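Chemist: Show me how the following folds:
(2 chains)
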Amino acid sequence: QKEVEQNSGPLSVPEGAIASLNCTYSDRVSQSFFWYRQYSGKSPELIMSIYSNGDKEDGRFTAQLNKASQYVSLLIRDSQPSDSATYLCAVSNQAGTALIFGKGTTLSVSS
Amino acid sequence: EAGVTQSPTHLIKTRGQQATLRCSPISGHTSVYWYQQALGLGLQFLLWYDEGEERNRGNFPPRFSGRQFPNYSSELNVNALELEDSALYLCASSRTLNVNIQYFGAGTRLSVL
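Modeler: Numbers count the residues shown, from 1 in each chain, chains lettered A, B, ... in the order given. A predicted model of the protein is given here:
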C-alpha cells in the first residue's frame, strides 16, 4: 500500500513568519507531486506542482523536492491569516493513474 | 469558464438505500475522478473515468460504481449504503489521460442514517 504521510498539526505560526509543511511518500518511483489547500468546508485547490528535485517558487510559496529522501515540502513565506487552512500533499502513483493524498496538515496563522 | 459542478450538495439516505451523485467536468476536460473524504481518513481515491471508460479503481468494494457519459459528465452510484459511507464525495476533472492537474468540485455531502 503506497502511502503519503503528513504531520496532522495543527501547525501554528504568527503572521509574517515562515510556515514549513512536510510530506514523505513511500513509492520510490513517484514522479509528480502536488500541494493542495483546503479551507474548512471547501474543496481542495491546487497551489503548487513539482516534478524535479530542487526548489520551485511561486510568489510566497516554495515547493521543495528530494526524491532520494522521498520528501517534499512546502514553505509559505510572510504567512497571512488567510493562509490558515489544511494543506494536502498528493503524489502520483507509478503508472500515473491515481493521486495518493496525505491526510493533510492544518495550518493556523495568528494575527 | 464554469468549474467542476456537483449535485446534489447534500444527500441524506438510510442504510441499505442507493445513492447517485453527479459531476460535470470543466469544459474541455475528458477525465473525471471521484474521491471520498471521510472524517479522519483524508482523501481516498475511488474511480477514474476517461473517454467513457473506467481507467482505474481505488480500494473500494464493488457497490461503489459509476459511469461517464458521452458529454464527459459522470455519475457515482453507491449501493447498499452503510453508515460508514457517510462522507464528502469530491469529483475532480483534468485535461489529460494521465493523472495531472486536477480541479475539484465543491462536493456532495452524503449522510447515511
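
Chemist: Provide a list of residues in contact with the residue nearest to the spatial centre of chain B.
Modeler: Taking Cα atoms, centre = their mean, the centroid of chain B lies closest to B:Trp34, which sits 3.2 Å from it. By Cβ atoms under 8 Å, 6 or more residues apart in numbering or on different chains, the contact list for B:Trp34 reads B:21, B:23, B:45-48, B:66, B:74, B:76, B:89-91. C-beta coordinates here come from the backbone N, C-alpha and C atoms, glycine included.

Chemist: any idea which element it lies in?
Modeler: Taking DSSP states H and E as the criterion, B:Trp34 maps to strand B:31-38.

Chemist: C-terminal to that strand, what's the next element?
Modeler: Following strand B:31-38 in sequence order, the next helix or strand is strand B:42-50 (DSSP H and E).

Chemist: For that next one, name the packing helices and strands.
Modeler: Packing partners of strand B:42-50 (3 or more Cβ pairs under 8 Å, 6 or more residues apart in numbering or on different chains; DSSP states H and E): strand A:85-92, strand A:99-101, strand B:31-38, strand B:53-57, strand B:64-68, strand B:74-78.

Chemist: Switch the contacts of B:Trp34 over to TSV; also include pLDDT and neighbour count.
Modeler: Formatted as TSV, the contacts of B:Trp34 follow (pLDDT from 0 to 100; neighbours: other Cβ atoms under 10 Å in any protein chain shown):
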residue	pLDDT	neighbour count
B:Leu21	98	21
B:Cys23	98	27
B:Phe45	92	23
B:Leu46	95	23
B:Leu47	95	23
B:Trp48	93	25
B:Gly66	96	21
B:Ser74	98	25
B:Leu76	98	25
B:Tyr89	97	24
B:Leu90	97	25
B:Cys91	97	30
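
Chemist: can you put these in CSV and add distance to A:Gly16?
Modeler: Below are these laid out as CSV (distance: Cβ to Cβ, whole Å):
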residue, distance to A:Gly16
B:Leu21, 42
B:Cys23, 40
B:Phe45, 37
B:Leu46, 40
B:Leu47, 43
B:Trp48, 41
B:Gly66, 46
B:Ser74, 43
B:Leu76, 43
B:Tyr89, 38
B:Leu90, 33
B:Cys91, 37
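
Chemist: Can you tell me which of those residues lies closest to A:Ile50?
Modeler: Closest approach between those and A:Ile50, by Cβ to Cβ: B:Phe45, at 20.1 Å.

Chemist: ok now do the closest one, which residues does it touch?
Modeler: A:98-101, B:33-35, B:56, B:58.

Chemist: Name the strands paired with the helix or strand of chain A with the lowest mean pLDDT and say parallel or antiparallel.
Modeler: Lowest by mean pLDDT, DSSP states H and E among the helices and strands of chain A is strand A:99-101, with a mean of 91. As defined by DSSP bridges, the strand partners of strand A:99-101 come to strand A:85-92 (antiparallel).

Chemist: avg pLDDT for the partner strand?
Modeler: Mean pLDDT, strand A:85-92: 94.

Chemist: same check, this time on stretch A:56-65
Modeler: Over the span of stretch A:56-65, the pLDDT mean works out to 96.
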